[in-house]
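*Asks:* Whatever this is, show me its structure:
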Amino acid sequence: MNIAIMQPYLFPHIGYFQLMHACDEFLVYDDVAFIPRGYIHRNNVLLGGKAHRFTLSVPKASPNRLISELVFGPTPDSLLTTLHHAYAKAPYYAQVMPLLQAMFQHEDRRIGALCKYSFERVFDYLGLECRFLLTSELEHDRSLKAQDRLIEMSLMRGAEGYINSIGGRKLYQAAPFAANGITLSFLASQPSDYCQTPLDSRRSGRQAEFVAGLSIIDVLMWCSPGEVLDRLAEYQLLPEDLELLRAAGNAAGDTAVPGPLARDASAYSQQGGHASCH
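*Replies:* Now for the predicted structure:
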């Protein structure tokens, strides 16, 4: 069984969802410190052809408090209005907007719980399966150092593989995981571009420049569930050894990285520039 453990982010980018796609169980790491300037409570959507930041308030937010101790404030009508203006002409607005309304208005306002609920709803929409748990609701030794804590939780859940985003390749070492019978690997995300142009603009011959790195909301609005699934599979699992990573090339997303494909990622491809709109 593969496992991933990550802090909760509000409707994160597709690379975060690829971590979920690559594992059997995903632990929402909500009993760690809140990061005020991170993406726990905010993200970006496409508005007027540019990235536009949206935010949910977190009353009494502080880096001295755990994520599990904090809640999201009520979702303002203005946020849903912004999403309407941003995506009313997107092809999957009618299917996705009601899901977003339900997720943003979820009655359990705990940060981890609302994010977990949003992950589950997105996976249901796409027909995918993954178990989601909050680390704040699991019994484990919270006094351990970061890597040891991840290993302990992985062992408790019966994991044989631990998958981290490629950004953590300098933080974790293979040997401690291997000593506990766990294979450490890193996910390199390279999803292809997709069309972000409304149908009426396409018919008139206009095509927008692709804006990358947006919230999963953008992918869901512009792509069919099948197209989203294709992009979720566009990643590679790389070995944990740093020398192998260096030999493979720049694995941070700048270039294509050779290596074993993960799960259903046989459709892996690299595309750049414009996304073709039909």
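*Asks:* how about the strands in the protein?
*Replies:* Ranges of strands within the chain are 2-6, 25-28, 42-47, 50-55, 131-134, 161-165, 183-189, 235-239, based on DSSP state E.
*Asks:* packing partners for the last one?
*Replies:* Contacting strand 235-239 under the criterion 3 or more C-beta pairs under 8 Å, 6 or more residues apart in numbering; DSSP states H and E are the following elements: helix 14-22, strand 183-189, helix 242-248. C-betas here are computed from N, CA, C, even on glycine.
*Asks:* what is the mean pLDDT for it?
*Replies:* Average pLDDT, strand 235-239: 92.
*Asks:* relative orientation of it and helix 14-22 in degrees?
*Replies:* Per axes from the mean of the first three to the mean of the last three C-alpha atoms, to 10 degrees, the angle that strand 235-239 makes with helix 14-22 is 70 degrees.
*Asks:* what inclination does strand 235-239 have with respect to strand 161-165?
*Replies:* Using the same axes, to 10 degrees: strand 235-239 against strand 161-165 is 120 degrees.
*Asks:* quick one, strand 235-239 and strand 2-6 angle?
*Replies:* 100 degrees.
*Asks:* for the stretch 151-278 of the chain, which spans come out with low pLDDT?
*Replies:* Scanning the stretch 151-278 of the chain for pLDDT under 70 picks out 202-205, 240-276, 278.
*Asks:* where along it do the helices fall?
*Replies:* Here the stretch 151-278 of the chain has its helices, by DSSP state H, counting those that start in this stretch, at 174-179, 199-203, 216-222, 225-232, 242-248.
*Asks:* Out of those helices, flag the one nearest A88.
*Replies:* Set against A88 and scored by C-beta to C-beta, the helices of the stretch 151-278 of the chain come closest in helix 216-222, at 9.7 Å.
*Asks:* so for stretch 88-98, what's the average pLDDT?
*Replies:* 97.
*Asks:* Q105: neighbour count?
*Replies:* Neighbourhood size, Q105 [other C-beta atoms under 10 Å]: 12.
*Asks:* max-length helix in this structure?
*Replies:* helix 111-126 (DSSP state H).
*Asks:* what residues are up against D31?
*Replies:* 66-68, 135-136, 142 (C-beta atoms under 8 Å, 6 or more residues apart in numbering).
*Asks:* Quick check: PyMOL command selecting the buried ones in these.
*Replies:* Selecting only the buried entries of the contacts of D31 in PyMOL, with 16 or more other C-beta atoms under 10 Å as the criterion:
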select buried, resi 66+67+68+135+136
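*Asks:* List just the nearest of the contacts of D31 to V211.
*Replies:* Among those, and counting by C-beta to C-beta, the member closest to V211 is I67, at 28.4 Å.
*Asks:* Ends of stretch 159-176, what's the gap?
*Replies:* Length of stretch 159-176, first residue to last, C-alpha to C-alpha, to the nearest Å: 14 Å.
*Asks:* no no, stretch 148-164
*Replies:* End-to-end for stretch 148-164, by C-alpha to C-alpha: 14 Å.
*Asks:* Give the buried residues for that stretch.
*Replies:* Neighbour-count burial for stretch 148-164 [16+ other C-beta under 10 Å]: 149-151, 153-154, 157, 159, 161-164.
*Asks:* from the chain's centre, how far out does that stretch sit?
*Replies:* Centre-to-centre, stretch 148-164 and its host chain are 19 Å apart (C-alpha atoms, centre = their mean, to the nearest Å).
*Asks:* give the contact list for the residue nearest to F11 when sequence neighbours are not counted.
*Replies:* Excluding its sequence neighbours, the residue lying closest to F11 (C-beta to C-beta, 6 or more residues apart in numbering) is S215, at 4.4 Å. For S215, the contact set (C-beta under 8 Å, 6+ apart) comprises 10-13, 43-45.
*Asks:* Then F26?
*Replies:* 3-6, 19-20, 119, 130-133.
*Asks:* Got a quick PyMOL command for the buried subset of these?
*Replies:* Buried subset of the contacts of F26, written as a PyMOL selection, criterion 16+ other C-beta under 10 Å:
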select buried, resi 3+4+5+6+19+20+119+130+132+133
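*Asks:* which one among the contacts of F26 gets closest to E234?
*Replies:* Each of these was scored against E234 by C-beta to C-beta, and L19 proved nearest at 13.0 Å.
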